[in-house]
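J.: I need the structure of the sequence given here:
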Amino acid sequence: MSPSPGPGLKIDRGLPNQLDRVARAADELERHGYDGCWVGEINHDPFLPLLLAAEHTSRLEVGTSIAVAFARNPMTVAQVGWDLQAYSRGRLNLGLGTQIRPHIEKRFSMPWSHPVRRMREFVLALRAIWTAWQDGTKLGFDGEFYTHKLMTPMFTPEPQPHGFPKIFLAAVGEAMTELCGEVADGMHAHAFTTRRYLAEVTVPALRRGLQRTGRERSAFQLSAPVFVVTGDTDAELQAAAAATRKQLAFYASTPAYRAVLDLHGWGELHTELHRLSLRGAWDEMGALIDDEILDAFAVVAPAGDVAAKLRERCDGVIDRVLPGFLSGVSESTVTAIVNDMRTDVTVSGRN
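T.: Below you'll find the model as predicted:
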């Protein structure tokens, strides 16, 4: 049995979204001492696995990272969030994201406009609906994008003793990050993020949002995945580095993430990688991610040194970390790293 979780940095892990794998995986994560698990909305529904995870655990927090908000409406999300919060006995972290316009309009056939304003209203509508259900007050939400005014007793779920689900929003840019601080309980940072970007851009934007509602930074959780490049041998470490360089090159070729590169003075790299991506030159792209860039985006270390470097990467900035291990890293190595992090998890005052 791994050490039970304590205060400070929370250590999370991704959960498979294939339903026949969820129960065993969630049970193992809880036994190994993880604080939470996350399910993304990629090629399967993000909510159904959380039901199974909640059923087969008693302590593990369960959450979406992320569910696509604009593919749904506040009422449908409010209902599934309410039921999962009740069934998990208060362990739900409801992670929401905007996705991008082509997917919302062409894949989900839903409207897209003013994503920051729309997301703000989406969250406010969720809380208005939950308040009506919990307190028995009249529902009367009338916004620019969403209107919820009808709630008869037949369609009102039972109140619950576990409070509202915590809402996490995904953000990269400053406007959406400020919104996280204003209306959410937490934020999902993107994997293509450096510690410097978090400290100099993300956290200041969060503070501006928090100040609008008079909240302290300690009342908010910043969740971030961190690439981990490691191995039990030099050959394994080099293979992990090569694979991670390709992942970073893909993200760096995407215009939405150029601001992270610009902060470091690497903006021209995006231009070249985007040009190569249009040709499908993926191997050539990975070769452009040098050691300095790799170190900025990933923890690169032999397995025995990973825990200390992960703690250093998170210290004072990240509240919840999801270490990103490649599939070639053995589960025993991952478990040893997590146990090592547990032995001395101390997070200093947040920047």
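
J.: tell me the secondary structure at Thr193.
T.: Under the three-state scheme (DSSP: H, G, I helix; E, B strand; the rest coil), Thr193 adopts coil.

J.: just give the number of residues close to it.
T.: 22 (other C-beta atoms under 10 Å). Bear in mind the C-beta positions are built from the backbone N, C-alpha and C, glycine included.

J.: which ones are touching it?
T.: If you count contacts by C-beta atoms under 8 Å, 6 or more residues apart in numbering, Thr193 has them with Val172, Thr202, Ala224, Val260, Phe297.

J.: let's see 7 Å
T.: Residues in contact with Thr193 (C-beta atoms under 7 Å, 6 or more residues apart in numbering) are Ala224, Val260.

J.: ok, now how distant is it from Thr177?
T.: Between Thr193 and Thr177 the computed distance is 11 Å (C-beta to C-beta, to the nearest Å).

J.: ok, Ser88 next?
T.: 28 Å.

J.: got it, and Gly163?
T.: For Gly163 relative to Thr177 (C-beta to C-beta), the value is 25 Å.

J.: neighbour-wise, which of those two wins?
T.: Neighbour totals were compared for Gly163 and Thr177, and Thr177 leads with 26 against 10 (other C-beta under 10 Å).

J.: mind listing what that one touches?
T.: Applying C-beta under 7 Å, 6+ apart to Thr177 gives the contacts Ala171, Met187, Thr202, Ala205, Leu206.

J.: look at the fourth one and report its pLDDT.
T.: This means Ala205. On pLDDT, Ala205 comes in at 97.

J.: for it, what is the enclosing helix or strand?
T.: Assigned by DSSP states H and E, Ala205 belongs to helix 203-212.

J.: show me what that helix is packed against.
T.: Applying 3 or more C-beta pairs under 7 Å, 6 or more residues apart in numbering; DSSP states H and E, we find helix 203-212 packed against helix 174-183.

J.: send me the helix it packs on as PDB with only the CA atoms.
T.: What follows is helix 174-183 as a C-alpha-only set of coordinates in PDB (Å, rounded to 0.1, in the frame of the first residue of the first chain):
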ATOM      1  CA  GLU A 174      -4.800  35.300 -20.800                       C
ATOM      2  CA  ALA A 175      -8.500  36.100 -21.300                       C
ATOM      3  CA  MET A 176      -9.700  32.600 -20.600                       C
ATOM      4  CA  THR A 177      -7.200  32.200 -17.800                       C
ATOM      5  CA  GLU A 178      -8.600  35.400 -16.100                       C
ATOM      6  CA  LEU A 179     -12.000  33.900 -16.500                       C
ATOM      7  CA  CYS A 180     -10.900  30.800 -14.700                       C
ATOM      8  CA  GLY A 181      -9.800  32.900 -11.700                       C
ATOM      9  CA  GLU A 182     -13.100  34.800 -11.800                       C
ATOM     10  CA  VAL A 183     -15.700  32.000 -12.000                       C
END
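
J.: so what strands line up beside the next helix or strand after that helix?
T.: Scanning forward in sequence from helix 174-183 by DSSP H and E, the next helix or strand is strand 186-189. Strand pairing for strand 186-189, determined by DSSP bridges: strand 166-171 (parallel), strand 221-229 (parallel).

J.: so of the ones you listed, which one's packed in deepest?
T.: The highest mean neighbour count among the strands paired with strand 186-189, using mean count of other C-beta atoms under 10 Å, belongs to strand 166-171: a mean of 24.

J.: any idea of the mean pLDDT for that one?
T.: Mean predicted lDDT for strand 166-171 stands at 97.

J.: turn the strands paired with strand 186-189 into CSV, columns for distance to Gly286.
T.: Putting the strands paired with strand 186-189 into CSV (distance: least, C-beta to C-beta, whole Å) gives the following:
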stretch, distance to Gly286
strand 166-171, 25
strand 221-229, 13
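
J.: re earlier: what sits up against the helix holding Ala205?
T.: 174, 177-182, 187, 217, 220, 222, 317, 351.

J.: would you show me how to pick out the buried ones of these in PyMOL?
T.: Here is the PyMOL command that selects the buried residues among those (16 or more other C-beta atoms under 10 Å):
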select buried, resi 174+177+178+179+180+181+182+187+220+222+317
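
J.: so which elements touch the lowest-mean-pLDDT helix or strand in the chain?
T.: Between all helices and strands in the chain, the lowest mean by mean pLDDT, DSSP states H and E belongs to helix 331-343, at a mean of 85. In terms of contacts (3+ C-beta pairs under 7 Å, 6+ apart), helix 331-343 is packed against helix 303-314.

J.: so what's the residue count around Glu292?
T.: Here the number of neighbours of Glu292 (other C-beta under 10 Å) works out to 9.

J.: now Ala243. Nearest residue, chain neighbours left out?
T.: Of all residues not flanking Ala243 in the chain, Leu326 sits nearest, at 5.7 Å (C-beta to C-beta, 6 or more residues apart in numbering).

J.: I'd say that neighbour and Ala240 touch.
T.: Yes: the pair Leu326 and Ala240 passes the contact test of C-beta atoms under 7 Å, sitting 5.2 Å apart.

J.: correct me, but Ala175 touches Val116?
T.: Yes: between Ala175 and Val116 there is a contact at 4.9 Å, judged by C-beta under 7 Å.

J.: tell me which of these two has more neighbours.
T.: A direct count of neighbours by other C-beta under 10 Å for Ala175 and Val116 places Val116 higher, at 15 against 12.
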